[in-house]
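Asks: Need a 3D model of the sequence below.
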Amino acid sequence: MCFGAVMAQVRVFFATNRNYQAGNKLQAFGPRFNPDGVAALRFGYADFEAGAGGPKLTGVTVYAERKTATGIKGGSERFLEDLRRLMSGEKSDTLVFIHGFNVSFTGALEAGARLAQDVRVNGAPVNIVVFSWPSDGQAVPLMSYYSDREDARASGPALARTYLKLCDYLEELNQQAYCERRLHLLAHSMGCYVLRQGLQAALAKDPKALTRVFHEIMLAAPDEDDDAFETDTKLRLLPRLGRQVTVYFNPDDRALLVSDKTKSNPDRLGSDGPRLIDLIPKKIVLVDCRHVGGRGDPLARHSYYVRSPAMAADIGAVLNGAEPDAIGNREYVTTKRFWRLIQEL
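Replies: This is a model prediction of the structure:
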């Protein structure tokens, strides 16, 4: 699905704990951590030209930082204020996106730009904020996976800092400045493991930190344990952050099959959904994507959250706040107690 004729330009905001490469105008951040620490953040935005062949990156802007007596400031304030103005002026929602394993900085931005092109909320484009953590972006069997897994674990505090900065900013806004639009969250693959680590890091810093900041939360092909919603030390408390959590899974996901069988991981949440259906919080909705998994990712059937018209339509309906039984192209599988996307569009 492409809306290039409607949207000639796409802007994707980002927060990252990657290393800054000042001399590289497009690949502005590399595959390693910020040298100031794994939780040190930089903020900015990337511009794309949208078209039938997909979004094309034209430039990356990194917000300047300044050192003060209380730390390094500047980038996050400009980032949050620019985003608020955009949401207020365009009356548009914002989707925070956490990418998965084996994704470069530019690859993460491109995935965000595709979401911006394809997903509509109340007929309008959605703003995208990418949280980019230092996954290798190199397909080295086994080695890259284990390296990314450790990097994902270490990135939890950076994600928690981003979330807490957002909470502080929202708390300080006066009623006139509040844009009255909604924030949403989408995590893909190992990005769901980053989300788990961020959730736990936020709780460790402040046990009362989990407030309902997001309207909709979506986990796409989550490379997470299938018991993740059974324990507080994993994702059981995630529903506190939003109105609803939608889990997209695919039994034919070959990437997660490899994760399960060759890397000593338990059964994956993104393959068959949760282990025990009776123990999941009532705010969680399960959606089987086996019939659309091959459209956007015919080889691995893992990155189907982009390049699939059916997924774009379903994500848009979820972000619009539609109830699960009011979303088209779904059928309810009573014996399994989950929804299934019927066909590609």
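
Asks: Where does the prediction get shaky in the stretch 1-150 of the chain?
Replies: 1-8, 67-73, 137-144 (pLDDT under 70).

Asks: What segments of it are helices?
Replies: For the stretch 1-150 of the chain, the helices defined by DSSP state H, counting those that start in this stretch cover 75-90, 105-118, 143-154.

Asks: Give me whichever of those helices is most buried.
Replies: helix 105-118 (a mean of 24; mean count of other CB atoms under 10 Å). No exception for glycine: its C-beta is placed from N, CA and C like everyone else's.

Asks: what helices or strands is that helix leaning on?
Replies: strand 9-16, strand 29-33, strand 42-49, strand 56-62, strand 94-98, strand 127-132, helix 309-319 (3 or more CB pairs under 8 Å, 6 or more residues apart in numbering; DSSP states H and E).

Asks: can I get these in a markdown table with mean neighbour count?
Replies: A markdown table is the format used below for the helices and strands packed on helix 105-118 (neighbours: other CB atoms under 10 Å):
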| stretch | mean neighbour count |
| --- | --- |
| strand 9-16 | 22 |
| strand 29-33 | 18 |
| strand 42-49 | 22 |
| strand 56-62 | 15 |
| strand 94-98 | 24 |
| strand 127-132 | 25 |
| helix 309-319 | 23 |
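
Asks: Compare the ones you listed and give me the one nearest residue 197.
Replies: Closest to residue 197 of the helices and strands packed on helix 105-118 is strand 94-98 (CB to CB; 10.8 Å).

Asks: between the closest one and strand 9-16, how many degrees?
Replies: 50 degrees (axes from the mean of the first three to the mean of the last three CA atoms, to 10 degrees).

Asks: quick check: angle from strand 94-98 to helix 309-319?
Replies: Using the same axes, to 10 degrees: strand 94-98 against helix 309-319 is 120 degrees.

Asks: And stretch 295-303, end to end?
Replies: Length of stretch 295-303, first residue to last, CA to CA, to the nearest Å: 9 Å.

Asks: how far out from the middle of the chain is that stretch?
Replies: 18 Å (CA atoms, centre = their mean, to the nearest Å).

Asks: Check what pLDDT the nearest residue to residue 225 once chain neighbours are set aside gets.
Replies: The shortest distance from residue 225 to any non-neighbouring residue, by CB to CB, 6 or more residues apart in numbering, is to residue 266 (4.7 Å). Residue 266 is assigned a pLDDT of 72 by the prediction.

Asks: And for residue 266, the neighbour number?
Replies: Using other CB atoms under 10 Å, the number of residues around residue 266 comes to 13.

Asks: just checking, it touches residue 223?
Replies: No: with contact defined as CB atoms under 8 Å, residue 266 and residue 223 do not form a contacting pair (11.1 Å).

Asks: ok so, going back, assumed the residue nearest to residue 225 was part of a helix.
Replies: No: using DSSP: H, G, I helix; E, B strand; the rest coil, the secondary structure at residue 266 is coil, not a helix.

Asks: check contacts around residue 329.
Replies: 310, 313, 314, 341, 342, 343, 345 (CB atoms under 8 Å, 6 or more residues apart in numbering).

Asks: Over to residue 278?
Replies: Residue 278 neighbours (CB under 8 Å, 6+ apart): none.

Asks: Equivalent analysis for residue 186, please.
Replies: 95, 96, 97, 98, 115, 217, 218, 219, 220, 305, 315.

Asks: ok, of these, which one's closest to residue 194?
Replies: residue 98 (5.6 Å).

Asks: how many neighbours does the nearest residue in space to the closest one that is not next to it in sequence have?
Replies: The shortest distance from residue 98 to any non-neighbouring residue, by CB to CB, 6+ apart, is to residue 191 (3.6 Å). Other residues lying near residue 191 total 30 when counted by other CB under 10 Å.

Asks: The stretch 201-345 of the chain: helices as residue ranges?
Replies: Under DSSP H, counting those that start in this stretch, the stretch 201-345 of the chain gives helices at 254-262, 269-272, 293-296, 309-319.

Asks: For residue 49, find the nearest of the ones you listed.
Replies: Closest among the helices of the stretch 201-345 of the chain, using CB to CB: helix 309-319, at 19.5 Å.

Asks: could you dump the closest one to CSV, C-alpha only?
Replies: Below are the C-alpha coordinates for helix 309-319, written out as CSV (Å, rounded to 0.1, in the frame of the first residue of the first chain):
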residue,chain,number,x,y,z
PRO,A,309,-2.1,-3.8,3.0
ALA,A,310,-4.0,-6.1,5.4
MET,A,311,-1.7,-5.3,8.3
ALA,A,312,-1.8,-1.6,7.5
ALA,A,313,-5.6,-1.6,7.5
ASP,A,314,-5.7,-3.6,10.7
ILE,A,315,-3.2,-1.4,12.5
GLY,A,316,-5.0,1.7,11.4
ALA,A,317,-8.3,0.3,12.7
VAL,A,318,-6.7,-0.5,16.1
LEU,A,319,-5.2,2.9,16.3
